[in-house]
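J.: Need a 3D model of the sequence below.
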Amino acid sequence: MLPRQSRYGFSPITRRPDYEWPGGKRLALYVALGIEEYVFGEGITEDLFPGAPKPDYVNTSWRDYGNRVGGFRLIKRFADFGVPLTILLNTEVYDHAPDLMDFARRHGCEIVGHGLTNSDTLAGRAPADEAAYLKAVADRIEEVEGGRPGGWSSPWLSQTENTADLLKKTGYRYLMDLRLDDQPVWLQTRAGPLLALPYALELNDSSTLIGRQGDATDFERMIVDEFDEMLEASKDQPLVMSVVVHSFISGAPFRLRALTRALEHITRRRDEVWITQPREIAAFMEANPHLAV
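T.: Alright, predicted model coming up:
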C-alpha cells in the first residue's frame, strides 16, 4: 500500500446514509467571500501583475480595491439576492478596513478565521507557534464579534501535520480547506473529530481567474454548470456546493456583472436549494454526527 494521509479513510459516495437538509432540501449551497489584508513589501502576495518592481504599488492597489470598493458591492449584491455570505477574514482587516466589517456585520455575514494577514502561511510553523497563531485569530474575532469563530480556512490553504489537531484543540469546529467530497466528512484529530466542509478549490475566483487566467464568463459558466449538475445529482443523495470569491477579484465591476448572472440562475431555483452558511451546515451535522462519513 502507498503512504497516505491519516485524517480520513476511503468512503465511496455510493455507500452513504440518506437524509435531507432542513426544509426537505437535497442540495445545500454556501458562498464564501475572502476579505484579506497584506503586509506591504513583505510575505506572500496575490498579484495581478507578477514581477512588478518594488515597491509594488500596482498590485497593492489592486488588492486594496477589494476592501475600499469591491467588498461593499459584493456584500450588497448577495444581500439583494437573499444569499447570506460567509467572510473568510484576515483579522488585520478589523484595523485597516473597519467600515467594511461593520457593513458585513449589518448584513448578517458569518465570520470564519482566515489568519491574521494573507501574507502569512502556516507551512513550516512549529506546533507552539501555530497554536498561538490559531488562537490569536479566534481571540480577535471574539473580541470584535462577541463570539469565537466555528470555522477556519487557512491562508493559502496551507497546513502542517499538526493543523487539524491544533484547530480542534483551539475550539474550531469545522475546516474549509479541502474538496475531498460533496458531503461533510469527519477528520480524525488527536483532540477529537473535526468536520471538513466541501470547499471550492476550483469554483474559486482566485484559482480560476488569476491562477489559470480564466475570464469572468468562464467563471459564470462554471458556477452554473456545477449548480445544475449538483442539483440533478442531489436527487439521489444530499450534497453541499460551495462558491469562493474574493473582494478584489469578483468585486471588479465586469466580474461582478458575470457573477450576478450566475446568482440569477441559482436563485431562480431557490425553492429547491438550502442556501445557507457553513455554521448552519456544521450545526446540522453536529446534531446528526452519524450522517457524516
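J.: Could you look up the SS state of the residue sitting nearest the centre point of the chain?
T.: In the chain, the centroid-proximal residue (C-alpha atoms, centre = their mean) is Ala32; its distance is 4.4 Å. What DSSP: H, G, I helix; E, B strand; the rest coil gives for Ala32 is strand.
J.: Thought Val243 was touching it, still the case?
T.: Yes - taking contacts as C-beta atoms under 8 Å, Ala32 lies within contact range of Val243: 7.3 Å. The C-beta positions use only the backbone N, C-alpha and C, and glycine is treated the same way.
J.: what is in contact with the two at once?
T.: Here Ala32 and Val243 share the contacting residues Ala200, scored by C-beta atoms under 8 Å, 6 or more residues apart in numbering.
J.: mind listing what Thr189 touches?
T.: By C-beta under 8 Å, 6+ apart, Thr189 lies in contact with Arg7, Ala164, Asp165, Leu167, Lys168, Lys169.
J.: quick one: it and Phe40, what's the gap?
T.: Taking C-beta to C-beta, to the nearest Å as the measure, Thr189 falls 36 Å from Phe40.
J.: what do you get for Thr276?
T.: Distance of Thr276 to Phe40, computed by C-beta to C-beta: 36 Å.
J.: Comparing these two, which residue is more hemmed in?
T.: Ranked by neighbour count (other C-beta atoms under 10 Å), Thr276 and Phe40 place Thr276 first, with 23 against 13.
J.: and Tyr199, helix, strand or coil?
T.: coil.
J.: what are the phi and psi angles of the closest residue to it other than its chain neighbours?
T.: Spatial nearest neighbour of Tyr199, excluding adjacent residues (C-beta to C-beta, 6 or more residues apart in numbering): Met176 at 4.6 Å. Met176 has phi and psi values of phi -120, psi 70 when expressed as degrees, to the nearest 10.
J.: and the gap between Met176 and Ala200?
T.: To Ala200, Met176 is 9 Å away according to C-beta to C-beta.
J.: Between those two, which contacts overlap?
T.: Shared contacts of Met176 and Ala200 (C-beta under 8 Å, 6+ apart): Ala32, Ser242.
J.: Of those two, which one has the most company?
T.: For Met176 and Ala200, the more surrounded residue by other C-beta under 10 Å is Met176, and the numbers stand at 27 against 22.
J.: coming back round to it: ranking by neighbours, what's the top pick from the contacts of Thr189?
T.: Of the contacts of Thr189, Leu167 is surrounded by the most neighbours, 27 neighbours in total, counting by other C-beta under 10 Å.
J.: Tell me the confidence at that one?
T.: pLDDT, Leu167: 98.
J.: Ala136 against Leu116, yeah?
T.: Yes - with contact defined as C-beta under 8 Å, Ala136 reaches Leu116; the gap is 6.5 Å.
J.: Neighbour count for the two, which is higher?
T.: Leu116 (19 against 15).
J.: what about that one, distance to Ser61?
T.: Distance, Leu116 to Ser61, by C-beta to C-beta: 22 Å.
J.: got it, and Ala126?
T.: Distance from Ala126 to Ser61, counting by C-beta to C-beta: 35 Å.
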